[in-house]
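Peer 1: When you get a sec, could you give me coordinates for this:
(chains A and B)
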Protein chains: 2
Amino acid sequence: MLALGQELEGITVVSLEQAVAAPYCGLLLADAGARVIKVEREGGDFSRTYDHAANGESAYFIWLNGGKESIVLDIDKPEDAALLRQMLEKADVLLQNLAPGSLEKRGLSGEVLRRTNPALITLEITGYGRTGPYANMKAYDLLVQAESGLCSITGGPEEPSRVGISICDIATGLTAFSAILRALLLRGRTGTGVDISISMFDVLADWMNVPLAFQRYLHRAPSRLGVAHATLAPYGVYRAADGDVLIAVQSNREWVLLCERILDMPELASDPRFLTNMNRVENRDAMNIILNAVFETHTREELMARLRKGRIACASLNSVADLLHHPHLQTSAAAFADSTIELARLPVSGRMRELRKVPTLDQDGPAIRREFAASIRMTGGQA
Amino acid sequence: MLALGQELEGITVVSLEQAVAAPYCGLLLADAGARVIKVEREGGDFSRTYDHAANGESAYFIWLNGGKESIVLDIDKPEDAALLRQMLEKADVLLQNLAPGSLEKRGLSGEVLRRTNPALITLEITGYGRTGPYANMKAYDLLVQAESGLCSITGGPEEPSRVGISICDIATGLTAFSAILRALLLRGRTGTGVDISISMFDVLADWMNVPLAFQRYLHRAPSRLGVAHATLAPYGVYRAADGDVLIAVQSNREWVLLCERILDMPELASDPRFLTNMNRVENRDAMNIILNAVFETHTREELMARLRKGRIACASLNSVADLLHHPHLQTSAAAFADSTIELARLPVSGRMRELRKVPTLDQDGPAIRREFAASIRMTGGQA
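Peer 2: Numbering: from 1, shown residues only, chains lettered A, B, ... in the order given. Presented below is the predicted three-dimensional model:
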């Protein structure tokens, strides 16, 4: 019986990938069972040297490259270009986040490649799309976070902030993964591949739709409120007698529960200042004074117990150290050279649930060269 | 010729969805061509009243619910439960983010449903998984952001911050979408459906892998630095004579370019304090003093031109208003009742590229009841 992690068995992905966005996509393809051949430039994907945090290895690289093969190619050398063509002859998917136009100008557009491999799916990741004034701008994660306006609504009241993880890269990699799966399902119906181009800016612009609607129709962006929600209230950090507790009220029904069961103030539920979420957002300060006055009379433990019993959503404001020891953190191991590195597990069960083998640079180069050089000879080098 | 947006034509999704995570998954399924029947409780998905930002309608709801049908069901009423069973008899996918166990206790587990519909795929979204001490905790977006440690590494040095968008919900919805596509590809090989359970906490834990490795192996989390990168340098906001410019250096090669072409300080490239990214992170303050001293002698426009010419990545720190007028923002319209609302377009081309029709509450209820009531009669009510 096949299970998740085998759905892409037999699918070959050639990935000219670097940094985070395309590698994350490649990781997910490998986890779903595909053969992912990571094509690296001389010296390797530069994320191999981003840091030494993962037991001496690059945390970025170890996280993002499990389950792949690695080959170093210089696509400006004729013999390596021929090998790449031969690989793409047999591939199902060409994934890449090179500079825009890099493959086209080398005669490796989807259109050209599909003349001999009609089923080939290509996916390119760009910063800002293929055309327009920003088409040639470099687009690293923080830059697109900043351009998209996301930083401007993240952080405390004083200053904007980056999201602490490479959200734009990761989100784009996951979007690219879903797009390739869509193209494979489409190919199941048509027999032919398609070209897909995903822009990091477009991914974040979609995710920004709520603040964007506030700006477009109400002429104001949601405020930067630190750990609080700009458009839902009460939703944020409150002070118990001995520490901080987060609560989140998402509906008027829950607001009524909070008033009745936690605050012991049933009359507050019909106070017109707080009837709807929009009212509560507008009168947030008055509401917070009432809430904190009650909460401060309880210890954190008492309050959390009371909130859970009253079915009011609550949480801890954890550090990364707290995450490391969180009872719900599930881990898996990555093997790289002689190291074993512990990682958070992928959220969907797949091939790498238990162990990710991360390739050293050009680890599979010789074998891949033999495999595809043989097919060059067999076809008389027609690629 | 079929195109993206048609790959799920003929696929029926029954979605007991609310708020953001499952609705975003449903939106993407609808965009890929599926028939998505949104099953709402009495009063409707509460995101219908989160705000009034989208030209008087809820920005969350309008963004997340294009291309779906809506029916109101009370699954505790026998006739509605029978209708739901009948729908699930014909469905390909059951998507839901109800409270954990809600469907099982009503006899609607994947295992039971597949006895009569072996091809049914089920996907549930939970906060913290099906088991463990947090299994029954409510898990709204900010709560999981806080529990995962993400807030602790987002924001300025003074205080942690929420990410300004519902990142955990959106990321989970997109992960769920990819998982359903994987299950459909697997079903293409096996003929049978599978049960998938995705936890919001697991999704963010994976995305937190880099800070987690820093904590596990270096015993320290990346610092909160506002708009700067904890593990890459130089990467952040710098001051030109008349405003702020963001730059991002991702490799030693780019550092050399910056020293030579922008700073006119080729000797800096071999300064041992700044040779590698780890060196530059460690000596960030000394480096920033040197950079700002040079940058302050240029206007922002001069500096940006110089950076672009030198191929050093740069960007603007935009507001949401800047995003609204960004030359690369691509929009599409949503139609709801008598309103037309402008949204940022989805990043992958699909069925709703041009227009999303967003359902009013129970808009399709009568037609869906007729359709499936007829099949109850035809099968003698065997569901």
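
Peer 1: make it CA atoms for all contacts and neighbour counts henceforth
Peer 2: Fine.

Peer 1: ok, the closest residue to residue A:254 other than its chain neighbours - contacts?
Peer 2: Distances taken as C-alpha to C-alpha, 6 or more residues apart in numbering or on different chains put residue A:312 closest to residue A:254, at 6.9 Å, once the chain neighbours are dropped. Taking C-alpha atoms under 8 Å, 6 or more residues apart in numbering or on different chains, we find residue A:312 in contact with A:247-249, A:254, A:257-258, B:138.

Peer 1: And residue A:312, how far from residue A:296?
Peer 2: Counting by C-alpha to C-alpha, to the nearest Å, the separation of residue A:312 from residue A:296 is 17 Å.

Peer 1: for the helix or strand hosting residue A:80, which positions count as buried?
Peer 2: Take DSSP states H and E as the rule and residue A:80 turns out to sit in helix A:78-90. Across helix A:78-90, burial judged by 16 or more other C-alpha atoms under 10 Å in any protein chain shown covers A:81-90.

Peer 1: Let me know the next secondary structure element after that helix.
Peer 2: Using DSSP H and E, the next helix or strand after helix A:78-90 towards the C-terminus is strand A:93-96.

Peer 1: Does the next helix-or-strand element following that following strand reach chain B?
Peer 2: Proceeding N to C from strand A:93-96, the next assigned helix or strand is helix A:110-113, under DSSP H and E. No - Helix A:110-113 lies out of reach of chain B by C-alpha under 8 Å from any C-alpha of the partner chain, never closer than 15.3 Å.

Peer 1: what sits up against helix A:110-113?
Peer 2: Here helix A:110-113 has contacts from A:88-89, A:120-122, A:194-195, using C-alpha under 8 Å, 6+ apart.

Peer 1: Let's see which of these end up in helices.
Peer 2: Among these, the ones falling in helices (DSSP state H) are A:88-89.

Peer 1: residue boundaries of the strands in chain A?
Peer 2: Using DSSP state E, the strands of chain A run over A:12-16, A:35-40, A:68-72, A:93-96, A:121-126, A:195-199, A:235-240, A:243-248, A:313-315, A:331-336, A:339-344, A:355-357.

Peer 1: For the residue in the stretch 201-350 of chain A that chain B sits nearest to, the count of nearby residues, please.
Peer 2: Distances between the stretch 201-350 of chain A and chain B by C-alpha to the nearest C-alpha are smallest at residue A:226, namely 4.0 Å. Residue A:226 has 28 neighbours, counted by other C-alpha atoms under 10 Å in any protein chain shown.

Peer 1: Repeat that for residue A:6.
Peer 2: By other C-alpha under 10 Å, the residues close to residue A:6 number 19.

Peer 1: any idea how far it is from residue A:357?
Peer 2: As judged by C-alpha to C-alpha, residue A:6 and residue A:357 stand 17 Å apart.

Peer 1: which residues make contact with the helix holding residue A:80 from outside it?
Peer 2: With C-alpha under 8 Å, 6+ apart, helix A:78-90 has contacts from A:12, A:14, A:73-75, A:94, A:108, A:113, A:116-117, A:120, A:369, A:372-373, A:375-376, A:383.

Peer 1: What segments of the stretch 101-250 of chain A are helices?
Peer 2: For the stretch 101-250 of chain A, the helices defined by DSSP state H, counting those that start in this stretch cover A:110-113, A:141-147, A:167-190, A:200-207, A:209-218.

Peer 1: Leaving out chain neighbours, which residue sits closest to residue A:288?
Peer 2: Sequence neighbours aside, residue A:234 is the residue nearest to residue A:288 in space, at 7.7 Å (criterion: C-alpha to C-alpha, 6+ apart).

Peer 1: Contact partners for the one you found?
Peer 2: Neighbour list for residue A:234: A:247-249, A:280-281, A:284, A:287-288 [criterion: C-alpha under 8 Å, 6+ apart].

Peer 1: Ranking by neighbours, what's the top pick from those?
Peer 2: The residue in the contacts of residue A:234 with the most neighbours, by other C-alpha under 10 Å, is residue A:248 (25 neighbours).

Peer 1: Go ahead and confirm that residue touches residue A:231.
Peer 2: No - here residue A:248 does not reach residue A:231: they are 11.7 Å apart, not a contact under C-alpha atoms under 8 Å.

Peer 1: Of the buried residues of helix A:78-90, which is the nearest to chain B?
Peer 2: Within the buried residues of helix A:78-90, proximity to chain B (C-alpha to the nearest C-alpha) peaks at residue A:90, which comes in at 20.2 Å.

Peer 1: What distance do you get for the closest residue to residue A:175 other than its chain neighbours to residue A:320?
Peer 2: Once flanking residues are discounted, residue A:175 sits nearest to residue B:174: 7.2 Å by C-alpha to C-alpha, 6+ apart. According to C-alpha to C-alpha, residue B:174 stands 24 Å off from residue A:320.

Peer 1: Please apply the same query to residue A:125.
Peer 2: Going from residue A:125 to residue A:320 by C-alpha to C-alpha gives 30 Å.

Peer 1: Equivalent analysis for residue A:77, please.
Peer 2: Distance from residue A:77 to residue A:320, by C-alpha to C-alpha: 45 Å.

Peer 1: Neighbour count for those two, which is higher?
Peer 2: residue A:320 (26 against 10).

Peer 1: and the more buried one, what is it in contact with?
Peer 2: B:148-150, B:152-153, B:211-212, B:215, B:221.

Peer 1: what do you get for residue A:149?
Peer 2: Contacts of residue A:149 by C-alpha under 8 Å, 6+ apart are B:317-320, B:322-323.

Peer 1: Show me those residues that map onto helices.
Peer 2: Among these, the ones falling in helices (DSSP H) are B:320, B:322-323.

Peer 1: Could you dump the residues you listed into a markdown table and include pLDDT?
Peer 2: Formatted as a markdown table, the ones in helices among the contacts of residue A:149 follow (pLDDT from 0 to 100):
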| residue | pLDDT |
| --- | --- |
| B:320 | 96 |
| B:322 | 91 |
| B:323 | 96 |
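
Peer 1: closest to chain A among those residues?
Peer 2: When these are compared for distance to chain A (C-alpha to the nearest C-alpha), residue B:320 wins out at 4.9 Å.

Peer 1: From residue A:82, how far off is the closest one?
Peer 2: 47 Å.

Peer 1: how many other residues sit next to the residue nearest to residue A:175?
Peer 2: Look at residue B:174: counted by other C-alpha under 10 Å, it has 25 neighbours.

Peer 1: dump the residue contacts of the residue in chain A sticking out farthest from the centre.
Peer 2: Going by C-alpha atoms, centre = their mean, the residue of chain A most distant from its centre is residue A:267, 44.5 Å out. By C-alpha under 8 Å, 6+ apart, residue A:267 lies in contact with residue A:259.

Peer 1: same thing but at 10 Å, please
Peer 2: Contact analysis of residue A:267 by C-alpha atoms under 10 Å, 6 or more residues apart in numbering or on different chains lists A:256, A:259-260.

Peer 1: Now narrow those residues to whatever sits close to chain B.
Peer 2: Among the contacts of residue A:267, no residue lies close to chain B (C-alpha under 10 Å from any C-alpha of the partner chain).

Peer 1: Would you enumerate the residues in contact with the closest residue to residue A:218 other than its chain neighbours?
Peer 2: The shortest distance from residue A:218 to any non-neighbouring residue, by C-alpha to C-alpha, 6+ apart, is to residue B:53 (6.2 Å). By C-alpha under 10 Å, 6+ apart, the contact list for residue B:53 reads A:210-220, A:231, B:59-60, B:62.
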